[in-house]
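Chemist: Pasting a predicted model and its sequence here:
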Amino acid sequence: MDASQIIDQLGALDIGAVRQDEPLRRHTSFKIGGPAKFFVEPESQSAVVRALNWVRDHHIPYFIIGQGTNILVSDQGLDAVVISTARGLKSIEVEAPYLSAGSGVLLTKLAHTAARAGLTGLEFAISIPGTLGGALVMNAGAHGSSMVAVVERVTVWDPFHGVREIPASEAEFEYRKSRFQKTPWIALDARLKLSPEDPVKIRETMSHHMAYRLQSQPVGEANAGSIFKNPLPEFAGRLIESIGAKGWRENDAEVSSLHANFIINRGGAKAIDVLRLMRRIRCVVYQATGVILRPEVRWIGPGEGGTNTTWDNLWYAEGEGLREPCE
Ligand SMILES: Cc1cc2nc3c(=O)[nH]c(=O)nc-3n(C[C@H](O)[C@H](O)[C@H](O)COP(=O)(O)OP(=O)(O)OC[C@H]3O[C@@H](n4cnc5c(N)ncnc54)[C@H](O)[C@@H]3O)c2cc1C
């Protein structure tokens, strides 16, 4: 199918404007990323599902994007239909002690909603940018908690079975990991179970988390959060700092001097600059400590398709055996 047929057929689905060659750097917190061949922001859950069914039925590669705060997008961009959850999956419903929300809702908004309703459990989310959907995929967490502690069930779109509900146990949440990373499920909404608490106490905890965040991380600079996962019980930031990497640079990509596990885009950084820095860090940390760091940020590049698999050597699959970290 050629580009004009794709535009016509997507347009006929009544899912809003279909943009062509949309720069993905506009949709990522890193401000990095080449163009998406097609970019849509469907305005309702049913429109998101129509778009997903269509790409599946026509074997067109696709990629789902939330707030783009945990991804490093290739400079070549994506030859795919990129579907944003930002507009269509925005419902929020509170029925204490439950909070149900569409996967395009920002985590910070959810944390504030829970606080207003006097529900505890989401305070940790106040300092995590990004959407509920991205947080489910990553089992996002901070300040000693993560999504696994609150998720009760998720409505998913599954290319083989359509829309269905799964209990949290089926999502197989682990540290910065979930089944969403290895199956082509798309999260449409989720139901979270919280507990009653004094709103003043909840707000105090959230303020404390925010204050800590502001002093320990380069908030306000273009970045994608932690670059590497913590090789527990060690911390990636501590290991990277120990090799003297703070301030290392590849063109406009720089290791933050505030937190060594953050890479900052100083303005014109390309994905290739970030990759070079990541490879250098991983190699030197390995030589100095024997620890192989694994990326937390997700690589989004050609070949991504609907599978969320990645091809850069930094992201080799766990269980595939160790690759030489300095190759
Ligand atoms: C300054 C900063 C601080 C951060 N701090 C933290 C932190 O403390 N803890 C933490 O865990 N993370 C942190 N992050 C990373 C990031 O915010 C989280 O991982 C967040 O949950 C990602 O959400 P997103 O909407 O931006 O996802 P995106 O970056 O848009 O997507 C991430 C992945 O999820 C997939 N995806 C997105 N939505 C869906 C969906 N609905 N269904 C299926 N797949 C989907 C995408 O395809 C992609 O593979 C930080 C990032 C920044 C920039």
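Modeler: Here it is on my side, so go on.

Chemist: could you say what helices and strands the lowest-mean-pLDDT helix or strand in the chain packs with?
Modeler: None of the helices or strands of the chain scores lower by mean pLDDT, DSSP states H and E than strand 298-300, at a mean of 88. Other helices and strands packing on strand 298-300, by 3 or more CB pairs under 8 Å, 6 or more residues apart in numbering; DSSP states H and E, are strand 71-73. Heads up, the C-betas are built off the backbone N, CA and C, glycines and all.

Chemist: do the strand it packs on and the ligand meet?
Modeler: Yes: residues of strand 71-73 contacting the ligand under CB under 6 Å from any ligand atom: I71.

Chemist: quick one: contacts of that strand?
Modeler: For strand 71-73, contacts defined as CB atoms under 8 Å, 6 or more residues apart in numbering pick out 24-25, 28, 30, 32-34, 65, 224, 271, 274-275, 297-301.

Chemist: Can you report how many residues lie near T28?
Modeler: Close neighbours of T28, defined as other CB atoms under 10 Å, add up to 23.

Chemist: Verify the contact between it and A224 for me.
Modeler: Yes: under the criterion of CB atoms under 8 Å, T28 makes contact with A224 at 7.2 Å.

Chemist: Identify the contacts common to these two.
Modeler: What both T28 and A224 touch, as defined by CB under 8 Å, 6+ apart, is the set 69, 71-72.

Chemist: now the helices for this structure?
Modeler: 3-11, 45-57, 107-116, 132-138, 199-216, 236-242, 271-289 (DSSP state H).

Chemist: near the ligand, which residues of the stretch 101-250 of the chain show up?
Modeler: Taking CB under 6 Å from any ligand atom, the part of the stretch 101-250 of the chain that reaches the ligand is made up of 103, 128-131, 133-135, 137-138, 140-142, 180, 186-187, 223-225.

Chemist: Which among those residues count as buried?
Modeler: The neighbour-count test (16 or more other CB atoms under 10 Å) marks 103, 128-131, 133-135, 137-138, 140-142, 180, 186-187, 223-225 as buried among these.

Chemist: Identify the residue nearest P23 in space, chain neighbours excluded?
Modeler: Spatially, and ignoring its direct neighbours in sequence, P23 is nearest to P35 (5.4 Å; CB to CB, 6 or more residues apart in numbering).

Chemist: what number of residues lie near the one you found?
Modeler: Other residues close to P35 by other CB under 10 Å number 21.

Chemist: who touches the closest residue to T28 other than its chain neighbours in this structure?
Modeler: Closest residue to T28 apart from its sequence neighbours, by CB to CB, 6+ apart: G68 at 3.6 Å. The contact partners of G68, taken as CB under 8 Å, 6+ apart, are 24, 27-30, 33.

Chemist: just curious, which of those is nearest to V94?
Modeler: S29 (27.8 Å; CB to CB).

Chemist: was I right about that closest one contacting N223?
Modeler: Yes: in this structure S29 lies within contact range of N223 using CB under 8 Å: 6.5 Å.

Chemist: Looking at G303 now. What's its pLDDT?
Modeler: pLDDT for G303: 41.

Chemist: repeat for Q76
Modeler: Reading off the model, Q76 has pLDDT 88.

Chemist: Phi and psi next, for it.
Modeler: Dihedral angles of Q76 (phi, psi; degrees, to the nearest 10) stand at phi -80, psi -10.

Chemist: okay, now the domains of the protein?
Modeler: The chain breaks down by automatic domain parsing into domains covering 3-84, 92-203, 226-296.

Chemist: Out of those, which is closest to R213?
Modeler: Here domain 92-203 is closest among the domains of the chain (CB to CB), at 4.1 Å.
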